[in-house]
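Engineer: Provided below for reference: sequence and predicted model.
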Protein chains: 4
Amino acid sequence: MQIGLLTGGGDCPGLNAAIRAVVKRGLGEYGHSIIGFRNGWKGVVNGDLVPLTRDKIRNTLPEGGTILGTARYHPTKENGGIDAVMQVLEQERIEALICIGGDGTLHAASEVAAAGVKIVAIPKTIDNDVWGTDQSIGYHTAVNIATEAIDRIHTTAESHNRVMVVEVMGRTAGWIAVNAGIAGGAEIVLAPEEPFDMDRIVRFLTHRHRSHASFSIIVVAEGAQAVAGSSFEYTTETGKYGEIIGGAVGAAVSHEIAARTGFDTRLTVLGHVQRGGSPTPTDRILGSRFGVAAVDAIVAGKSDVMTALIGEHVELVSLQDIAGKVKTVPTELLQVARALA
Amino acid sequence: MQIGLLTGGGDCPGLNAAIRAVVKRGLGEYGHSIIGFRNGWKGVVNGDLVPLTRDKIRNTLPEGGTILGTARYHPTKENGGIDAVMQVLEQERIEALICIGGDGTLHAASEVAAAGVKIVAIPKTIDNDVWGTDQSIGYHTAVNIATEAIDRIHTTAESHNRVMVVEVMGRTAGWIAVNAGIAGGAEIVLAPEEPFDMDRIVRFLTHRHRSHASFSIIVVAEGAQAVAGSSFEYTTETGKYGEIIGGAVGAAVSHEIAARTGFDTRLTVLGHVQRGGSPTPTDRILGSRFGVAAVDAIVAGKSDVMTALIGEHVELVSLQDIAGKVKTVPTELLQVARALA
Amino acid sequence: MQIGLLTGGGDCPGLNAAIRAVVKRGLGEYGHSIIGFRNGWKGVVNGDLVPLTRDKIRNTLPEGGTILGTARYHPTKENGGIDAVMQVLEQERIEALICIGGDGTLHAASEVAAAGVKIVAIPKTIDNDVWGTDQSIGYHTAVNIATEAIDRIHTTAESHNRVMVVEVMGRTAGWIAVNAGIAGGAEIVLAPEEPFDMDRIVRFLTHRHRSHASFSIIVVAEGAQAVAGSSFEYTTETGKYGEIIGGAVGAAVSHEIAARTGFDTRLTVLGHVQRGGSPTPTDRILGSRFGVAAVDAIVAGKSDVMTALIGEHVELVSLQDIAGKVKTVPTELLQVARALA
Amino acid sequence: MQIGLLTGGGDCPGLNAAIRAVVKRGLGEYGHSIIGFRNGWKGVVNGDLVPLTRDKIRNTLPEGGTILGTARYHPTKENGGIDAVMQVLEQERIEALICIGGDGTLHAASEVAAAGVKIVAIPKTIDNDVWGTDQSIGYHTAVNIATEAIDRIHTTAESHNRVMVVEVMGRTAGWIAVNAGIAGGAEIVLAPEEPFDMDRIVRFLTHRHRSHASFSIIVVAEGAQAVAGSSFEYTTETGKYGEIIGGAVGAAVSHEIAARTGFDTRLTVLGHVQRGGSPTPTDRILGSRFGVAAVDAIVAGKSDVMTALIGEHVELVSLQDIAGKVKTVPTELLQVARALA
C-alpha cells in the first residue's frame, strides 16, 4: 500500500516526530510506502511529492519545523481543488492520506474524506484549540518558550519596579497565556475565554503596588478582548489602538495601564519564537504516538478520523464530531491562574 | 484555621510550586494560617515548624528542591511515632495537614488520617509510579533532563560508532526510561514492566550494526531485570554484577553487550541530576493546581484523600484506594517505544 | 573597614555573582563589612542601605537581576548630589565604594572618585560597549538568548519561505547583533558600526531567493542606521518610520524589504527578554572574578579604577582612560559575519 | 585549488561550525573545492572522501558532533602512514589540508607538514589544554553542561544535607572543573594543577557542616591526584580504588569522605554528556572564526600553523611552538575558585 503524508498550516515543533513515526511504523513495521507531499495541500494538488525513506527521517526527531514544508492552502476553497487532489492520488496510486494540521487542514481533510479518500488526521496547533484532543502537537513547546520568556522578564520587572506586559499567541483560546501565566507566576492573565475589565485591572495594580509589591507581570493572549461597553474600547477588530503594527492587544493594554496608573510599563510581544526550536520531549512523544496511531488506523481501515490524546491514552475521534468546535480553557484552570495572582 | 504542610521523601522539582500555591490559596484566599514543618514527618514529630508567609514563598516558583527540607522518615515505623504526631498537632492547634510526598509519605498520611487527623495528600515522585494520578510532581522534569542527556549522547554515539547505555531512575516502573527513550530516539528501552532477554538484544544490535547503522542507544531503568532463567543471570538483587558500585544494572548490561558483540560500548549513569534543577512549566503548573486543590479539599472538609490529575482535570482520590498499588507504563506506550526503535 | 556596594543602570544577569563574590572575598577572606546600597546611587544619596551577610547572598549565584535593586539615577547630574553622597558615606563610615554599572554609573563613579572617595568600578552592560575590557557582565547571556531566538525563528523562516527580521539590543555598538548573527547563522547583520545600504540588501535578498534559498534571517541592532543620502531615509532619530512604537529600526527595515521585494517578511523584537534570566556560566565566572578583583583592589589601596577582562586575565584599568570611549565590534568580526552569510 | 578537511580525536560541539565556515569561506568566497575526509586521518589513509557542497553543510551550525565522523587514529604511528597520506593527497590533487583536532591530531598535522604538505590546524578539545590558544572548540559547551549539572545537584544536596561529588572531564588540566566549579558555586574544586590533601578536605567539610552549612558540593577533574605521601593513597594510575569501573577518582574521593566524615555522600560521574549536544553560541562563533581564518591562512600560503584565539583576536601560531606543551589553569583562577568556597 502507498500512504500519502502532508503537513499543513503554520509550522511548529513536533511535526518531524510525527513524520518520523509514520515512516518507521508504516514502512518499517508494515512495509507500506510513505509518500510525502511538499508544502501541504498545495503539494497534493501539484503532485509535488517525495518518497520518504529511513534516510530522509534520520536525526529529525529533535528538529523543529517540518521536513515536508508547509503552506496555508485549502484545496476545498479553490475551484476544482478536490478534483485535483483525487486525480493526483489516483495517478500516484496513493490509497490513503495522513494529514497533520490545524483547523484549516482538518476541515479540508474532512471534505476530502467525504469525496471518498481514506483519511486519518493528526492535530497540531500551538494554540491547542482543536476540539476532541487534550493536546495538539506544538502546544507544549510553545508554553515552555513563553514561560521561559516570563522567567526572564521577571528579574527586570522586579529590579526596576515595572509593569511588564507580555503578549503571547492564542486567538480563540488562551491555553498558552493561562498555562505560561501560571508557570511563570504572572499576576494577571488575559485570555479570550473571559473578557477583561480595564477598570478592575487598574484597581488591582494600584492596590498591589501601594501595599506589598512594586512590580507586576501581565500575560495577554493575542485574542483577549475587553468587556463590551467598558471604558476601555479596545477590541481586536477595531478600536482606537487598531492601527498599531503587530502586538495590537498587548500594545493597547500596555498603553492604557501606563496612562491610567503612571507606572513604568513595558511591552514584550513574543511573536514567532513561540512556534520554533527543538520540540520538548512531551511534543516529541505526542508526535510519535500520533504517528504510530495514524498508521495503525489506516491499516485497520479507519477513515475520516483524527488521533487524539484523551487522558493517558491515544484514541481515534470522528473528524465530523470535532468540526466547527473550539476547545477553550476550562474554568478550573482559569481559576487557578487567578488564585495564584 | 491552622493548616500544617510538609514535604517528605526524596526532593524533586515542583515541590515549591505546590508549597507556594498552598500558601497563596490558604492564606491569601481564605485567610487560614499555613504552618510548614521542616524535613518531612521528622519536623512534625519534633515540632520543628515555621509559619509560611507570603515573604517566604517569594521567587520560589522556578526553584527546584523544597524550601521546607525533606527527609526519609516514617512516623508509623517508629515507636510512639503517631502519638508524637498527634500531640504536636494538638499542641500547635493544627486542624489539618497537607502532605506532599511519594509512596512512603502517602502511606504514613493514610495511617495518620486513620488516627483521626484531617489529611490531604499531594503526590510527588520522579518515578511517576503513584497509583490513581496520571502524573506526580517531579516526573515531567526528570523526563526532560533524561531526554536532554540522550540528545547529547546521540552525537557521540554516531560520531564514534558506539553502543551507548544510559541508566535512568525507575525502580518499580519505567516511566522515565520509556518516555525519555521515545523522546530521545533510543533503539532499545529496558523497563521493569518487561523483563529483557539479553540474547535478543545481542541479536538485534548485531543485525542493526551489520545492516544499516553503526551506533545504538540503550536506555535502562534502574529496576529493569533480565527474564528468569536467561543466559544473562543479572537481577537487581544478586547476580554476578551485584557488587558494582552504583549504576548496577546499567553496568551489567553495558559489560555484557561489550563482551558478546565486541562493539565499543559506554555507560552513562544519570543519577542525581534527574531530580534537580528548575521545574518544567508542566511541573510548576501541576504543583500549583495540586496546591490549590488540596487547600480547597481541606476547606470542604475532605480527608484521607489525594489530589490527582485525571485527564485534564484535578480530582480527589481516596488514599485507601491507592495503597499498595503501583502505576506501571501501559502496554501501548511500551509498544510505541518498540515501534520506533 | 566598611566597603559600600551598589548596582546602577539597567539590570542584567551576572550582577548577583559579582555581589556574592564581593561579600565572600571582603567579608569571608578579609573580615571587612560590606554595606549594600539599594537602587544604585539613589540608595547612596538617601542612605538606603543593608549590611550584606552570608545569608543575604545564599543561592543568588544562578539568579538574574540584582538583589540590591537598581535605578537610572546619576548623583552628578543632581544639585548637591555629590555632597549628599559624601555625607552619607562619612556618616556611615564607609571608606570605599564598589560600583557595578554601565556607562552612566562608571561616569558618576569617576566624578565621585575625583571628590576624594576611594572607588573601584565593575563594568556591566549587555551592549558590551564599555571601553577597556573585553567583556562586561550581562553581555554573554544576552548573546545566548538572542541566538536561541534566532535558532527558533530559523525553522519558521525555512518552513514558510519567509524573510525574518530580528531586532536585538545595541545602541552604539553591534556586539549582540554580530555575535548572535554569526552563532544563529543569519544571512545579514546590521550593526551601528557600518551604516547599511538598503539597495544592496534588496539586491542580495532578491538574488538569494531566486537562486538557491527561499528564506533569509536578518539581525538588526537597535542602533543600526542607513547610509547617509541613501534611498532609504530611516535614521534612529527621525525619518518616516520614526513614530512606530518600539522596535523602530527593525520595523522600518522589515516594512521596506516587504515593500520592495514582495517577500513574506516578519519582524520579531526581542526586547526585555535579552536582559533577564539566569546568567550563563561565563557571566557568573566573569562576575565572580570581577567581584574578587574589586575587593583585592580596594584592599591594595587602589581607586578610580575599573576591573577589566583582558585576554584571559583580570586587570585594573583607569576610569579616566576609558571615559567617553565606546568599544565597537572589530572589523575582523564584522567580516566573519559577512563571510558566513 | 582543492583543500582537504578532516576532524580527528574525540567528537565535540562546534566542529560543524568550523566545517561550515571552511566551506562557506573556501568555496563561497574563493571558489576553491573543499574535500572532506571521513573519520579523521583514517579517511585520508583510505581515500575515504566526500566533496563538501553548500548542501552538505545546511542546518549543521547548531548540531553537535561532526558530519565528517572522527576516529582516534594516528598516521604517524602506523608503518607507512605518512606515505599513504602523501599518496592519497597527490592522487586526489589536494594541495592543502585543514585538520581540526586535539593533541593527537595536531601532532600528526605537524609531522605531515614536515613531510611537505601545506597544513593549517584548528584546535578542539573539551579539556581546553591545547597550548597557544585561549580557547579550543568544544570546551565552552562542556563548561556549560557541567555547570547545569551542578545547578541541578545543588537542590538535592541542600534538601538532603548531603556531600555531593561531581566528577568532570580533564586529564591534564582542570579547566572544566575550575570554571564549572566557580559557576556552579562548588565548595571544593580538585584539579590536576594542584594535588589535593584529603586531610584538609575532611577538616574543611567537618568544620563547615558543624558551623554554618549542612551540605557541600565537590567538583573533581578526572585527572586530579592526591598529594604524594598523603594518608589518602589514591592516584589515577594505581591505588586501592584502582579497580572501580569508571569515575575512578570521583569514586575514590567520595568513598573516602563518607568513611572519614560519616556524612551522607553521593557521587555523580558526568561522563559522555559533557561532549555532546548543540554547541553554545560561543563555540559556534569560535568554530566559525577558526574556519574562516584557516582558509585565509591557506590562501595566504601559510603552513604548519594553528588558528588561535588570543584575547579578542584570532591569530596564527606555529604548530612547532605548541608541541609537547599543556595549557593549565592559571593560578588566579584557581584562587578565585578557592576564594568563593
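Structural biologist: Good, I have the coordinates.

Engineer: Got phi/psi on A:Gln335?
Structural biologist: The phi/psi pair for A:Gln335 (degrees, to the nearest 10) reads phi -70, psi -40.

Engineer: number of nearby residues for it?
Structural biologist: Neighbourhood size, A:Gln335 [other C-beta atoms under 10 Å in any protein chain shown]: 13. Every residue, glycine included, has its C-beta placed from N, CA and C.

Engineer: so who does the residue nearest to it when sequence neighbours are not counted touch?
Structural biologist: Leaving aside its chain neighbours, A:Gln335 sits nearest to B:Val292 (7.8 Å; criterion: C-beta to C-beta, 6 or more residues apart in numbering or on different chains). The contact partners of B:Val292, by C-beta atoms under 8 Å, 6 or more residues apart in numbering or on different chains, come to A:Gln335, A:Val336, A:Ala339, A:Leu340, B:Ala21, B:Lys24, B:Arg25.

Engineer: wait, doesn't A:Glu256 sit right on A:Met198?
Structural biologist: Yes - when contacts are counted by C-beta atoms under 8 Å, A:Glu256 is listed as touching A:Met198 (5.8 Å).

Engineer: overlap in contacts of those two?
Structural biologist: A:Phe232.

Engineer: Kindly report the residues of the stretch 151-300 of chain A close to chain B.
Structural biologist: A:151, A:179-180, A:182-185, A:212, A:280-282, A:284-285, A:288-289, A:292 (C-beta under 8 Å from any C-beta of the partner chain).

Engineer: try it again with 10 Å
Structural biologist: Contact residues (C-beta under 10 Å from any C-beta of the partner chain) of the stretch 151-300 of chain A with chain B: A:151, A:154-155, A:158, A:178-185, A:212-213, A:278-293, A:295-296.

Engineer: Just the buried subset of these, please.
Structural biologist: Neighbour counting with 16 or more other C-beta atoms under 10 Å in any protein chain shown marks A:151, A:154-155, A:158, A:178-185, A:278-293, A:295-296 as buried within those.

Engineer: Narrow the residues you listed to those in strands?
Structural biologist: The strands, defined by DSSP state E, take in nothing from those.

Engineer: Centre-most residue in chain A?
Structural biologist: A:Ile126 (1.9 Å; C-alpha atoms, centre = their mean).

Engineer: Which pLDDT value belongs to that residue?
Structural biologist: As predicted, A:Ile126 sits at a pLDDT of 96.

Engineer: I figured it was touching A:Asn179, is that so?
Structural biologist: No - assessed by C-beta atoms under 10 Å, A:Ile126 is found out of contact with A:Asn179, at 11.6 Å.

Engineer: Neighbours of the residue nearest to A:Met1 when sequence neighbours are not counted, how many?
Structural biologist: Closest residue to A:Met1 apart from its sequence neighbours, by C-beta to C-beta, 6+ apart: A:His32 at 4.5 Å. If you count neighbours by other C-beta under 10 Å, A:His32 ends up with 20.

Engineer: And the pLDDT at A:His32?
Structural biologist: 97.

Engineer: Verify the contact between it and A:Arg93 for me.
Structural biologist: No - using C-beta under 10 Å as the test, A:His32 is too far from A:Arg93 to be in contact (12.0 Å).

Engineer: what do those two both touch?
Structural biologist: A:Met1, A:Gln2 (C-beta atoms under 10 Å, 6 or more residues apart in numbering or on different chains).

Engineer: ok, back up a step: okay, the residue nearest to A:Gln335: pLDDT?
Structural biologist: B:Val292 carries a pLDDT score of 98 in this model.

Engineer: One more: the one 5 residues further on?
Structural biologist: What the model reports as pLDDT for B:Ala297 is 98.

Engineer: Just the buried ones among the contacts of B:Val292, please.
Structural biologist: Buried members of the contacts of B:Val292, counted by 16+ other C-beta under 10 Å: A:Val336, A:Ala339, A:Leu340, B:Ala21, B:Lys24, B:Arg25.

Engineer: which residues touch the closest residue to chain B within the stretch 101-250 of chain A?
Structural biologist: Proximity of the stretch 101-250 of chain A to chain B (C-beta to the nearest C-beta) peaks at A:Ala183, 3.6 Å away. Shown in contact with A:Ala183 (C-beta under 10 Å, 6+ apart): A:143-144, A:146-148, A:150-151, B:17, B:61-62, B:279-288.

Engineer: just these that are near chain C?
Structural biologist: Answer for the contacts of A:Ala183 near chain C (C-beta under 10 Å from any C-beta): A:Glu148, A:Ile150, A:Asp151, B:Pro62.

Engineer: Identify, from those, the entry nearest to chain C.
Structural biologist: Nearest to chain C out of those is A:Asp151 (C-beta to the nearest C-beta; 5.9 Å).

Engineer: Please give me every residue in contact with the closest one.
Structural biologist: Residues counted as contacts of A:Asp151 (C-beta under 10 Å, 6+ apart) are A:180, A:183-185, B:61-62, B:278, B:281, C:64, C:273, C:276-278.

Engineer: and if we set it to 8 Å?
Structural biologist: Taking C-beta under 8 Å, 6+ apart as the test, what A:Asp151 contacts is A:Gly184, B:Pro62, C:Gly276, C:Gly277.

Engineer: And the helices in the stretch 201-341 of chain A?
Structural biologist: A:248-261, A:281-299, A:319-322, A:331-339 (DSSP state H, counting those that start in this stretch).

Engineer: could you dump the third one to CSV, C-alpha only?
Structural biologist: Taking only C-alpha atoms (Å, rounded to 0.1, in the frame of the first residue of the first chain), the coordinates of helix A:319-322 have been written out as CSV:
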residue,chain,number,x,y,z
LEU,A,319,-13.5,14.4,12.2
GLN,A,320,-17.1,15.3,11.8
ASP,A,321,-17.7,15.4,15.5
ILE,A,322,-15.0,18.0,16.1
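
Engineer: List the buried residues of that helix.
Structural biologist: Quick answer for helix A:319-322 (16+ other C-beta under 10 Å): A:Leu319, A:Ile322.

Engineer: now do stretch A:185-205
Structural biologist: For stretch A:185-205, the neighbour count (16+ other C-beta under 10 Å) marks A:185-194, A:196, A:198, A:201-202, A:204-205 as buried.

Engineer: From the contacts of A:Asp151, pick the one nearest A:Val165.
Structural biologist: Each of these was checked against A:Val165 using C-beta to C-beta; the closest is A:Gly184, at 13.0 Å.
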